[in-house]
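Colleague: Pasting the sequence and the predicted model now:
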Number of protein chains: 2
Amino acid sequence: MPKEKVALIGSGNWGSAIATKMGINTAKHDLFETEVQMWVFEEYVKFEDGKWVRPARGAKPPEGKTWIDEGYSPLTQVINEKHENVIYLPGIPLPPNIIAQPDIHKAVSGATMMVFVIPHNFLAPIVPKMEGAFAKNAIGISLIKGIEFEREAGKEKPILISDLLKAEMKKGIYEDWEVEMSVLMGANVANEVAKGDFAEATIGCPKKEDGEKWVKLFDTPDFKVNAIEDVAGAELCGAMKNVVALGAGFSDGLGYGGNTKAAIIRIGLKEMQKFCEVFYGDRKIKNETFLESCGVADLVTTCFGGRNRKCAEKFVTYKLAGSDKGWDVIEAEELNGQKLQGTGTCVDVMKAIKSLGKEKEFPLFAKIHGIAFEGHDPKTLVNIN
Amino acid sequence: MPKEKVALIGSGNWGSAIATKMGINTAKHDLFETEVQMWVFEEYVKFEDGKWVRPARGAKPPEGKTWIDEGYSPLTQVINEKHENVIYLPGIPLPPNIIAQPDIHKAVSGATMMVFVIPHNFLAPIVPKMEGAFAKNAIGISLIKGIEFEREAGKEKPILISDLLKAEMKKGIYEDWEVEMSVLMGANVANEVAKGDFAEATIGCPKKEDGEKWVKLFDTPDFKVNAIEDVAGAELCGAMKNVVALGAGFSDGLGYGGNTKAAIIRIGLKEMQKFCEVFYGDRKIKNETFLESCGVADLVTTCFGGRNRKCAEKFVTYKLAGSDKGWDVIEAEELNGQKLQGTGTCVDVMKAIKSLGKEKEFPLFAKIHGIAFEGHDPKTLVNIN
């Protein structure tokens, strides 16, 4: 039986972290070819003053020179020599069978299993370059976090990133067939997973055989992976949790105790489930999904530790002190250049719910939206009827 | 239609807190007689130096005198005059239709709905005194936390407090029928509920009609109550959560991050579910139970805020520092005279699991037991296979 050829598309923080598990497993299991091509967006790097640096953002090499002339090396070359992604996951060794490759077409050449971990605005420019390269029986998995929405007024509805990916991959010569797309989600942040801290993940897959292959590729003793046949549920949880985390942060800002916060988390989990059923009921959403790592565990982590929780707490603290600071100000103060996902998702989710006239079925989401964007008193959070 | 006559058996911290909700609802809904008799274990109290005090534990009044002679008043009298349980829930007004009654037989006289909130070692001395007093069509609900176990070696199995109560109530003249027993559980601590902080509760009931009546009795805008037809699942969650909280505390003591802790909570919830199914599978355990307040919400609160978590963190901290402090020492240091439930339950739960040879199906519980009682390295916590 021919072995599965694995390609990893993406090599940022999460891509490099997951490569540490994939490299172990392709070397260990006969199912896979040992070598994994990892597509790297090529950059130039240099070791200077004790650390690896890149040219300043937007900088160009001097007239008539290249970055190489200036003492820089391609990132792919450094990764392949040092077996370390010195920029995006410094200090963590990558397995030597993970091979950095700057050419996307070469990276996926002959691939039968493709792992996508790129920012989702990279999909449109990158995926078309794969045309004709990967095997026609290939399957894919998305580790991309986020959600998109149909923007037409009154018809807003959530779009899965895995569906966008599937649609991109169907273009060109692959038109007459579909790449089966799974997703990997859960309570797992890159740096902790890379260090080998114990974490779990959930694979949402369209069919059992795909799930079994993906589990073999990712599961290790410190990274327990479970597959469920529910792509939409697993993927939507990862976006919706950020909305609930705003509610958890409001509760913290109001000084409410553990039981109130636990109630908000629990009601949030139920509304996440309802949201999945309302918008993706035709995709067999499963109840178990919400007891998996992608459901309750990821939600708990986000509601106690995440940046959405933190900024929402600040929002209420300022409000109670009589100062109406906007989300953009809080974001700038608290996040050191990073962005909040929860606020944008909250707006889109509420539009989608309103387009179906179903606000009454989502009392907590409606309260969170009211406080975050309609000037409602934060104390209305718990008027959940 | 005759109205329901409600009796509240117990008036400690939780009993008094829940009385604040019951009093509102019996006054509001036509279903109930307005007045609620609340059985109070009679004590003597006196206002002295700005606070209410009781005689020292075990103290007797001087020869030939009573506590009344010494300037004390019966607690029931003070409650009925001040509409406040000055000892067990000071500072919170009780609705005036809650009537303190020191005589248990009178308290339940003609009662059709009985709410039990007494320490479970009071059941045997108190319940028999109710014989002949309550209505023959009466239903009951237990708010008593805890669990018992069959003690015969090799046959250990969990016994529900609600079943013990049912058995006690069947004695004597009630022999030929059964009092349908429900339970009220969830993420709700007495003082927060009494203050009116938003919290939730779950009623596990044997049939829908009972659940509807109990919801009417307890549900208020700040105390959202939901009924499910699963007594055993709801009741067992309340005991098992304390075992998982030990694991959460170990994780904190080891310095593990949010994702590891979330994984322990999640796996713990699944093992709680399995435990219910293994020992009470014949009682139609429901999957939804674990997404109710009594399941995930109470577990989250306990794993972030409770005393079991705190002592387990200390246990590991000492161990890592080379000092093997026993649970009794930590309990004395940390809990100011209160007791840990999780350790005793952990021992009993493991005996029950071992009596069926099912250790392999409960890898997390087994790890927690190994660390807590078998001298295992705390780091083995995450070797969950």
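Modeller: Now that the structure is in, tell me what you want to look at.
Colleague: tell me the average confidence for stretch A:375-385?
Modeller: Mean pLDDT, stretch A:375-385: 91.
Colleague: which residues are in contact with it?
Modeller: Outside stretch A:375-385, the residues that touch it by Cβ atoms under 8 Å, 6 or more residues apart in numbering or on different chains are A:247, A:250-251, A:253-254, A:256, A:260, A:264, A:267, A:316, A:319-320, A:363-364, A:367-368, A:370-371, B:198, B:221-222, B:224. From N, CA and C alone the C-beta is placed, and that goes for glycine too.
Colleague: Kindly recompute the last result at 7 Å.
Modeller: For stretch A:375-385, the external contacting residues (Cβ atoms under 7 Å, 6 or more residues apart in numbering or on different chains) are A:247, A:250-251, A:253-254, A:260, A:267, A:316, A:319, A:363-364, A:367, A:370-371, B:198, B:222.
Colleague: what do you get for stretch A:64-78?
Modeller: The contact list for stretch A:64-78 (Cβ under 7 Å, 6+ apart) reads A:40, A:42-46, A:55, A:61, A:86-87, A:100-102.
Colleague: The same query, at a cut-off of 8 Å, please.
Modeller: A:40, A:42-46, A:52, A:55, A:61-62, A:84-87, A:100-102.
Colleague: Residue of the stretch 251-385 of chain A closest to chain B, please.
Modeller: A:V382 (3.6 Å; Cβ to the nearest Cβ).
Colleague: scratch that, the stretch 51-200 of chain A is what I was asking about
Modeller: Across the stretch 51-200 of chain A, no residue is closer to chain B than A:F198, which sits at 3.6 Å (Cβ to the nearest Cβ).
Colleague: looking at it, that residue is touching B:Y256, isn't it?
Modeller: Yes: using Cβ atoms under 8 Å, A:F198 is in contact with B:Y256, at 7.0 Å.
Colleague: Between these two, tell me which one has more neighbours.
Modeller: Comparing A:F198 with B:Y256 by other Cβ atoms under 10 Å in any protein chain shown, the one with more neighbours is A:F198, at 24 against 21.
Colleague: Contacts only, for the more buried one.
Modeller: By Cβ under 8 Å, 6+ apart, the contact list for A:F198 reads A:D222, A:F223, A:K224, B:Y256, B:N259, B:T260, B:A263, B:V382, B:I384.
Colleague: now the strands for chain A?
Modeller: Under the criterion DSSP state E, chain A carries strands at the ranges A:6-9, A:36-39, A:44-48, A:51-53, A:73-74, A:98-101, A:113-116, A:139-142, A:148-149, A:158-159, A:180-185, A:199-204, A:223-228.
Colleague: deepest of those strands, which one?
Modeller: Among those, strand A:199-204 has the highest mean neighbour count (mean count of other Cβ atoms under 10 Å in any protein chain shown), at a mean of 29.
Colleague: Parallel or antiparallel, list what pairs with it.
Modeller: Partners of strand A:199-204 in the sheet, by DSSP bridges, are strand A:180-185 (antiparallel), strand A:223-228 (parallel).
Colleague: With mean pLDDT as added columns, please give these in JSON lines.
Modeller: Below are those laid out as JSON lines (pLDDT from 0 to 100):
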{"stretch": "strand A:180-185", "mean pLDDT": "96"}
{"stretch": "strand A:223-228", "mean pLDDT": "98"}
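Colleague: Dump the ones you listed to a markdown table, plus distance to A:G204.
Modeller: Shown next, in a markdown table, are those (distance: least, Cβ to Cβ, whole Å):
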| stretch | distance to A:G204 |
| --- | --- |
| strand A:180-185 | 5 |
| strand A:223-228 | 6 |
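Colleague: Mind jotting down where the helices sit in chain A?
Modeller: Counting by DSSP state H, chain A has helices at residues A:13-28, A:75-82, A:104-107, A:123-126, A:161-170, A:190-195, A:208-218, A:231-253, A:258-280, A:298-305, A:307-320, A:327-334, A:342-355, A:363-373.
Colleague: Off-centre distance for stretch A:72-88?
Modeller: Stretch A:72-88 has its C-alpha centroid displaced from the chain centroid by 24 Å (Cα atoms, centre = their mean, to the nearest Å).
Colleague: can you list the residues of the stretch 201-350 of chain A near chain B?
Modeller: A:221-222, A:224, A:256-263, A:265-267, A:269-270, A:287-288, A:290-293, A:296-298, A:300-301, A:304-305 (Cβ under 8 Å from any Cβ of the partner chain).
Colleague: Please indicate which of the contacts of stretch A:375-385 are buried?
Modeller: A:247, A:250-251, A:253-254, A:260, A:267, A:316, A:319, A:364, A:367, A:370-371, B:198, B:222 (16 or more other Cβ atoms under 10 Å in any protein chain shown).
Colleague: ok, the residues you listed vs A:T20, which is closest?
Modeller: Distance to A:T20, by Cβ to Cβ, is smallest for A:G247 among these, at 34.3 Å.
Colleague: residues in contact with A:V300?
Modeller: A:A187, A:I265, B:A262, B:I265, B:R266, B:V300.
Colleague: Below-threshold pLDDT in the stretch 251-385 of chain A: ranges please.
Modeller: The model of the stretch 251-385 of chain A has pLDDT under 70 over residues A:385.
Colleague: Can you verify my assumption that A:N287 contacts B:T289?
Modeller: No: assessed by Cβ under 8 Å, A:N287 is found out of contact with B:T289, at 11.8 Å.
Colleague: between the two, who's got more neighbours?
Modeller: Between A:N287 and B:T289, counted using other Cβ under 10 Å, the more crowded position is B:T289 (26 against 14).
Colleague: Which residues does A:V53 form beta bridges with?
Modeller: A:K46.
Colleague: contacting residues for it?
Modeller: Here A:V53 is in contact with A:V45, A:K46, A:F47 (criterion: Cβ under 8 Å, 6+ apart).
Colleague: The second one contacts A:V86, doesn't it?
Modeller: No: the pair A:K46 and A:V86 fails to qualify as a contact (Cβ under 8 Å) at a distance of 10.2 Å.
Colleague: Determine the residues that are contacts of both of the two.
Modeller: A:W52.
Colleague: nearest residue to A:M185 other than its sequence neighbours?
Modeller: Here the nearest residue to A:M185 in space, its sequence neighbours aside, is A:C294; by Cβ to Cβ, 6 or more residues apart in numbering or on different chains that works out to 3.9 Å.
Colleague: distance of the one you found from A:E235?
Modeller: According to Cβ to Cβ, to the nearest Å, A:C294 and A:E235 sit 8 Å apart.
Colleague: shared neighbours, the two?
Modeller: Taking Cβ under 8 Å, 6+ apart as the criterion, A:C294 and A:E235 both touch A:M185, A:G204.
Colleague: How about stretch A:151-164, which residues are buried there?
Modeller: So, applying 16+ other Cβ under 10 Å, buried residues of stretch A:151-164: A:E156, A:K157, A:P158, A:L160, A:I161, A:S162, A:D163, A:L164.
Colleague: Next, format those residues as a markdown table and append pLDDT and distance to B:E180.
Modeller: Shown next, in a markdown table, are the buried residues of stretch A:151-164 (pLDDT from 0 to 100; distance: Cβ to Cβ, whole Å):
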| residue | pLDDT | distance to B:E180 |
| --- | --- | --- |
| A:E156 | 87 | 48 |
| A:K157 | 91 | 45 |
| A:P158 | 94 | 44 |
| A:L160 | 96 | 46 |
| A:I161 | 95 | 50 |
| A:S162 | 95 | 48 |
| A:D163 | 94 | 49 |
| A:L164 | 92 | 53 |
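Colleague: and the two most separated of those?
Modeller: Spatial extent of the buried residues of stretch A:151-164 (Cβ to Cβ) is set by the pair A:E156 and A:S162 at 19.1 Å.
Colleague: between the buried ones among the contacts of stretch A:375-385, which is nearest A:A194?
Modeller: A:G247 (30.3 Å).
Colleague: Drop anything exposed from the residues of the stretch 201-350 of chain A next to chain B.
Modeller: Here, 16+ other Cβ under 10 Å leaves A:222, A:224, A:256-263, A:265-267, A:269-270, A:290-293, A:296-298, A:300-301, A:304-305 buried among those.
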